[in-house]
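S.K.: my questions are about this predicted structure, shown below with the sequence.
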Amino acid sequence: MDTPSALAWSVDNCTLGRAMAILGERWTVVVLREVFLGVRRFDDIRRHAAIPRQMLADRLATLVEQGILRKVPYREDGARTRHEYRLTAKGLELQPVLLAISHWGDRHLADPGGPPTVFVHRDCEEPVHVEVRCAAGHHVDDPRRVATRPGPGVKPFEAGRPA
């Protein structure tokens, strides 16, 4: 049996692991879904997604702290100032990730009637989809055609060290 070359690399500085430390909790992705759908106010997000108040407060604080969302003040007549949550440029970069997850769910988890939402290009109303392409422009439609190589920040794996 061949030993995977990835076993020679440390995962201590794995950017996928770091990203999932921020995004990997269910309610975080639900909050992002709501904001991408245009639901931006705390009470609206809480009601629409049925998120417990403290859970929502915690997730919004984390997403703001990480620079994925920003708080924008608003005030309705006679009320105190509150905040809307808007995507930052960093947050907008998550759209292809969320689209890919949503499309996977549409293929494997949708009700018999089909997915509850579709994503279309605003300009022409045609469906959008996520593609994998290499830097040379080749469409990579088979996940087995993607290989992993050590990057510039790779560190050697040290056997016996706790992960």
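M.R.: Arrived safely.
S.K.: okay, which residue of the protein is out on the far edge from center?
M.R.: Here the chain reaches farthest from its C-alpha mean at Gly78, the gap being 36.4 Å by C-alpha atoms, centre = their mean.
S.K.: element containing that residue, please.
M.R.: For Gly78, there is no host helix or strand (DSSP states H and E).
S.K.: what residues are up against Asn13?
M.R.: 153, 155 (C-beta atoms under 8 Å, 6 or more residues apart in numbering). For the C-beta atoms, the positions are set from N, CA and C on the backbone; glycine is no exception.
S.K.: looking at this, it is in a strand?
M.R.: No - counting by DSSP: H, G, I helix; E, B strand; the rest coil, Asn13 falls outside a strand, being coil.
S.K.: burial check on Leu23, number of neighbours?
M.R.: 17 (other C-beta atoms under 10 Å).
S.K.: for it, give its distance to Val30.
M.R.: 11 Å (C-beta to C-beta, to the nearest Å).
S.K.: follow-up on the earlier one: how much space between the residue farthest from the centre of the chain and Arg47?
M.R.: Relative to Arg47, and taking C-beta to C-beta, Gly78 is found at 21 Å.
S.K.: do the same with Leu99
M.R.: Leu99 is 25 Å from Arg47, by C-beta to C-beta.
S.K.: the more surrounded of the two?
M.R.: A count of neighbours by other C-beta under 10 Å puts Leu99 above the other of Leu99 and Arg47, at 15 against 11.
S.K.: what sits up against the helix or strand where the more buried one lies?
M.R.: Using DSSP H and E, Leu99 sits in helix 95-109. By C-beta under 8 Å, 6+ apart, the surrounding residues in contact with helix 95-109 are 23, 29, 32-33, 36, 114-115, 117, 119, 128-130.
S.K.: what about that helix, distance to the chain center?
M.R.: 11 Å (C-alpha atoms, centre = their mean, to the nearest Å).
S.K.: list the buried residues of that helix.
M.R.: Within helix 95-109, the residues scored as buried using 16 or more other C-beta atoms under 10 Å are 98, 102-103.
S.K.: pick the one among these closest to His139.
M.R.: Among these, His103 lies closest to His139 (C-beta to C-beta), at 15.8 Å.
S.K.: among the contacts of helix 95-109, which two are most distant?
M.R.: Leu23 and Gly114 (26.4 Å).
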